[in-house]
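Colleague: sequence plus predicted model, see below.
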Amino acid sequence: MISVGIDVGAKNINIVVLKDTELLGKGAAPSGFEAKDNADKLLNEILEECKISREDINLITATGSGRKDIDFANKKVTDVTAVTKGAISINPNIRTIIDVGAEEGRGIRLDENGKVIDFAVNEKCAAGSGAFVESMSRALEIPITEFGPLSLESDAEIPMNAQCAVFAESEVVSLVHSSTEKKDIAKAITDAIAARISSMIRKVGFESEIAVVGGVAYNVGFIRSIQDHLDREVLIPESPEYISAFGAALMSEN
Amino acid sequence: MSIPKYKTAPLKVWAKAKELREKYYKNYMTAHDTGGLRWAGGAWSFGAIPAGLGRDVYPLTGEPYGASIAFKKDFSLKCLEAVERKGYARDLCSYMRNYWGSIILDEFAFGGKFPKPDFHFQDHICCSHSKWYQVASELEGGIPSHSIDVSVGPYIDVNKSKIDYIVAQMHDSIEWLEKTTGREYNDDLLIEAVENEFRSTARWAEICVMNKARPAPLDEKTMYSLYVLGTLAKHDGEFADFYDELRDEVQWRLDNGIAAVEHEVVRLMSDTQPPWGFLKIFRYLESFGAVSIGSLYTFGLIGIFEDKPDGSWGARETPMQKGIKIESRDQALRLMADWNLSKPEWQHFYSPHLKSKMMLKIAKEWHVDGVMLHYNRGCEGLSLGIAENRLALIEAGYPVMTYEGNMGDEREFDESQTMSRMESFMETLGLNQLAV
């Protein structure tokens, strides 16, 4: 059985193609303004690489904030359901999921059967999202891929506005003007994001194992900060930005 | 999950409810044409007291009027912006801001200019209520205002001296009304109005109790259009008669297994005022088979309840049901003060734990499967402690979803995000949109 999971996020589309539960292919592309067309194009590219055709697909499940645009999907599920399915399929011991994407952060608490007990979503504040890191990396004029490693070089504790990305950016500008080292500013930023996210996680409660998924899981500085804030080790699955798409593809099991 | 299918039928009294509401606003608007009086005050005010001035005295209660404005989104935005231009803060009660905006613009939501009242008659249940008519009076050019302080604590702590404190103010208010209007006060009309209030508010509680049944005979969106009459003029005889009629019809629905919603799979409970401009969220939930059966707000803003001998929550027995005959002004006022202080929605101004206790009672007795809490930025009074309520419900094992919004300021409600969050909540309850 060939199943496809399409995660249409605010910034990127991630697609996973499975044969039963085995990975055949995956890929990502910007969501853009025409998410449906972009998802369609990306899916065709992945299928071509996998050497299978659209007719071979048994089920397409869409998730993510733009899932409703994907009218060629057979099924649509919310991010909470998809990411939970994906995470517990990788590790059934996961009890807490921290999912931080480009525009949203979400915390999900699960019971021992993988059922969602509670969830919280931060969709109104950019200060707890990947878009904030991107904006700050632009302000610091460093590539986003270097942001996390650079922050790891610092042990400084500089408080920063964790509530508003706009105010935080003006604080970054002030720090730049006061000749604060970039590595210290980078750490202040990752600490601020972690403070925001950990506050949301505390609202739903957390217990180990804790998985961090979504694109921000690649930011090693954020991972250090969130572990410090929660005082727990966290797990980062392989290809963390694909977990929702993977979970959506697995929905064909149901 | 199996999908039940129940018989449904429209409410027969629906047209009457609509007619009464329209008549209420028309009566207020045209009161002066026939020499009548108009007064304005909160839905919580002791409206039976001005009723003693005559049968041609018509109220305009502020909160339902503010909610009516919120429902008319374009007009609401004009009102809110007019208030902001005057320099009032955006985080004040949104009903109050809509109301003030209507005065500032001199536009009435139901047509024409804003019909100024002859006097204000208010009580102080929260800080917004305390200031509401002071500012309204200033904006209207100095309308005489009277207010009664009711801050005597929760009903479990009420004693004679606390009742005396309120009743003494009620007596003073009657003197003030006579002096302000030049009319002679009629105690028989007061007693009639007080008895009507007991009847309306106990009947509404009886109707809410009937919603313990599965399937629920009423859904909360429909209940909003029914309880509202009690917020307009709970002391009005026609309104009390309406609640008698509604009670009989809901009993008929129960007897015949008539459901509010065809597919009642899970039962939800909400809290506080909804975002009035977006009531379609309730219909969206129904597309998953989720029915909101009510809330402490919908039940207890008007309904008066009491603990029954078997421990269940039911309609409070009225003085008339107890065989008490009201024969004097003081007796009427005393009974009315005691009755109002037992209002469920009054209790949690003093402690979120009192509110949690009542919410848990509803969740259990009304067989609730999940709870949807509106973090309502528009009403600090009823939202006070709501995060504490969430924790209590979660601790008791109820799945809880929260969403942010504002009952009367649509700028603070994110429709698509709320819908998305609701959809996630539905999935966590094991529901998908019904293919029916």
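Modeller: Happy to help now that I have it.

Colleague: give me the pLDDT for whichever residue of the stretch 151-300 of chain B sits closest to chain A.
Modeller: Nearest residue of the stretch 151-300 of chain B to chain A: B:Phe288, at 11.8 Å (C-beta to the nearest C-beta). Bear in mind the C-beta positions are built from the backbone N, C-alpha and C, glycine included. If you check B:Phe288, the pLDDT there is 96.

Colleague: so what's the residue count around it?
Modeller: The tally of other residues near B:Phe288 (other C-beta atoms under 10 Å in any protein chain shown) stands at 21.

Colleague: quick one: secondary structure of it?
Modeller: Reducing the assignment at B:Phe288 to three states with DSSP: H, G, I helix; E, B strand; the rest coil gives coil.

Colleague: show me the contacts for it.
Modeller: Applying C-beta atoms under 8 Å, 6 or more residues apart in numbering or on different chains to B:Phe288 gives the contacts B:Val265, B:Glu423, B:Met426, B:Leu431, B:Asn432, B:Gln433, B:Leu434.

Colleague: how far does stretch B:219-238 sit from the chain's center?
Modeller: 7 Å (C-alpha atoms, centre = their mean, to the nearest Å).

Colleague: kindly export it (C-alpha atoms) in CSV.
Modeller: Only the C-alpha atoms of stretch B:219-238 are listed here, as CSV (Å, rounded to 0.1, in the frame of the first residue of the first chain):
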residue,chain,number,x,y,z
ASP,B,219,-28.2,23.1,22.5
GLU,B,220,-26.3,26.0,23.9
LYS,B,221,-26.4,28.2,20.8
THR,B,222,-30.2,28.0,20.9
MET,B,223,-30.2,28.5,24.7
TYR,B,224,-28.4,31.9,24.1
SER,B,225,-31.5,33.1,22.3
LEU,B,226,-33.8,31.9,25.1
TYR,B,227,-32.0,32.9,28.3
VAL,B,228,-31.5,36.4,26.9
LEU,B,229,-35.1,37.4,27.8
GLY,B,230,-34.2,36.9,31.4
THR,B,231,-31.3,39.3,31.0
LEU,B,232,-33.7,41.9,29.5
ALA,B,233,-36.5,41.9,32.0
LYS,B,234,-36.7,38.9,34.3
HIS,B,235,-39.4,40.7,36.3
ASP,B,236,-41.7,41.0,33.3
GLY,B,237,-44.9,38.9,33.5
GLU,B,238,-44.9,38.2,29.7
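
Colleague: would you mind listing the buried residues in that stretch?
Modeller: Using 16 or more other C-beta atoms under 10 Å in any protein chain shown as the test for burial, stretch B:219-238 gives B:219-224, B:226-237.

Colleague: which of those fall in helices?
Modeller: If you go by DSSP state H, the buried residues of stretch B:219-238 have B:220-224, B:226-233, B:237 in helices.

Colleague: dump the residues you listed into a markdown table; add pLDDT as well.
Modeller: Conversion of those to a markdown table gives the following (pLDDT from 0 to 100):
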| residue | pLDDT |
| --- | --- |
| B:Glu220 | 98 |
| B:Lys221 | 97 |
| B:Thr222 | 97 |
| B:Met223 | 97 |
| B:Tyr224 | 96 |
| B:Leu226 | 97 |
| B:Tyr227 | 97 |
| B:Val228 | 96 |
| B:Leu229 | 97 |
| B:Gly230 | 97 |
| B:Thr231 | 97 |
| B:Leu232 | 98 |
| B:Ala233 | 97 |
| B:Gly237 | 98 |
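
Colleague: quick revisit: now narrow the contacts of B:Phe288 to whatever sits close to chain A.
Modeller: Applying C-beta under 8 Å from any C-beta of the partner chain to these, one finds that B:Glu423 fall near chain A.

Colleague: which among the contacts of B:Phe288 end up buried?
Modeller: Neighbour counting with 16+ other C-beta under 10 Å marks B:Val265, B:Glu423, B:Met426, B:Leu431, B:Asn432 as buried within the contacts of B:Phe288.

Colleague: list phi and psi for the first one.
Modeller: In this case it means B:Val265. phi -100, psi -50 (degrees, to the nearest 10).

Colleague: list the contacts of it.
Modeller: Neighbour list for B:Val265: B:Met1, B:Ile3, B:Pro4, B:Phe288, B:Gly289, B:Ala290, B:Leu431 [criterion: C-beta under 8 Å, 6+ apart].

Colleague: how many other residues sit next to the second one?
Modeller: The number of residues packed around B:Ile3, counting by other C-beta under 10 Å, is 13.
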